[in-house]
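1. Provided below are the primary sequence and the corresponding predicted coordinates.
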Amino acid sequence: DTPSSPDPTVQTTMIKNFWGKRWNKIPSPTPSETINWLNQIGYNQKIDTQLLRNITLDDTRQAILKAKHSTPGPNGIPYEAYKGAAVLSTKIILDATMYLYNHQAHPNFNTSSFFLFPKSASDHVSNGRPINVGNTDNRIISTTIRNTIMPAMDAFLHHDQAAFIPKRLMSEHIIHFNQK
């Protein structure tokens, strides 16, 4: 247990030492490893390709206009800037999304700001709730892609998957197990 410090360099080291062990990057499976795993668990459903479609200007506009007011990422551009210039920003974000389909993202594209919110009065790093906040353009692109592919993914996702799925509630699991 390292004592707390007002020095940002010491704080950064403490946070990295504590959370870094928990956030070590796990390599993503290859497509063939994923297919093999799906076959092993007996998954045999097909994605309805009729539901797959290209992202449109309207998809992008909806992601921009429905974005909540939240903290901007490291570049400091708030959602309100994209909303206030929706005609221009929609086209720019759609072009960026289509670029990402065919090219590798810039190394800084996924840069985020790290916040550690206290869960208790203790100033120990283990009592902090870590939050990474990415740039709003990154979040708009992610939302646009998610909203576009979710109709096709609904058939793919197991009915027991409830968390982070629209119209499904994680609390249903809690209720289910408390009734047993």
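-> Noted; the coordinates are in hand. Numbers count the residues shown, from 1 in each chain.

2. So, low pLDDT: which residues of the protein?
-> The chain contains residues with pLDDT under 70 at 1-5, 19, 21-28, 43-52, 155-156.

3. run the last query once more with 80
-> Residue ranges of the chain with pLDDT under 80: 1-32, 34-39, 41-53, 122-126, 151-170, 172-173, 176-177, 180.

4. would you list every one of the helices in this structure?
-> Along the chain, counting by DSSP state H, helices occupy 8-20, 31-40, 57-65, 79-84, 86-102, 136-156, 171-179.

5. which parts of stretch 127-140 are buried?
-> 128, 134, 135, 136, 137, 138, 139, 140 (16 or more other C-beta atoms under 10 Å). Where you see a C-beta, it was placed from the backbone N, CA and C, and this is true even at glycine.

6. Just the closest of those to residue 6, please.
-> Nearest to residue 6 among those: residue 128, at 15.5 Å, using C-beta to C-beta.

7. Now the closest one. Nearest residue, chain neighbours left out?
-> Leaving out its chain neighbours, the residue that sits closest to residue 128 by C-beta to C-beta, 6 or more residues apart in numbering is residue 116, at 3.7 Å.

8. which residues does the one you found contact?
-> 15, 125, 128, 129, 130, 131 (C-beta atoms under 8 Å, 6 or more residues apart in numbering).

9. Pick the one among the residues you listed closest to residue 175.
-> Lowest distance from residue 175 to the contacts of residue 116 (C-beta to C-beta) belongs to residue 129, with 24.9 Å.

10. Wait, the closest one touches residue 119, no?
-> Yes. The pair residue 129 and residue 119 qualifies as a contact (C-beta atoms under 8 Å) at a distance of 5.4 Å.

11. distance between stretch 77-91 and the chain's centre?
-> Mean-position distance between stretch 77-91 and its chain equals 20 Å (C-alpha atoms, centre = their mean, to the nearest Å).

12. Residues touching it, excluding its own?
-> Contacts to stretch 77-91, defined as C-beta under 8 Å, 6+ apart, come from residues 57, 60-61, 64-65, 67-70, 72, 93, 135-137, 140.

13. Restricting to C-alpha, output it in PDB.
-> Taking Å, rounded to 0.1, in the frame of the first residue of the first chain, the C-alpha atoms of stretch 77-91 are listed here in PDB:
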ATOM      1  CA  ILE A  77     -14.800  18.300 -28.800                       C
ATOM      2  CA  PRO A  78     -18.300  18.000 -27.100                       C
ATOM      3  CA  TYR A  79     -21.300  16.300 -28.700                       C
ATOM      4  CA  GLU A  80     -22.900  19.800 -29.000                       C
ATOM      5  CA  ALA A  81     -20.300  20.800 -31.600                       C
ATOM      6  CA  TYR A  82     -21.400  17.800 -33.800                       C
ATOM      7  CA  LYS A  83     -25.100  18.500 -33.100                       C
ATOM      8  CA  GLY A  84     -24.800  22.300 -33.800                       C
ATOM      9  CA  ALA A  85     -23.200  21.600 -37.200                       C
ATOM     10  CA  ALA A  86     -25.200  18.400 -37.900                       C
ATOM     11  CA  VAL A  87     -25.400  18.900 -41.700                       C
ATOM     12  CA  LEU A  88     -21.600  19.100 -42.000                       C
ATOM     13  CA  SER A  89     -20.600  16.800 -39.200                       C
ATOM     14  CA  THR A  90     -22.900  14.000 -40.400                       C
ATOM     15  CA  LYS A  91     -21.100  13.800 -43.700                       C
END
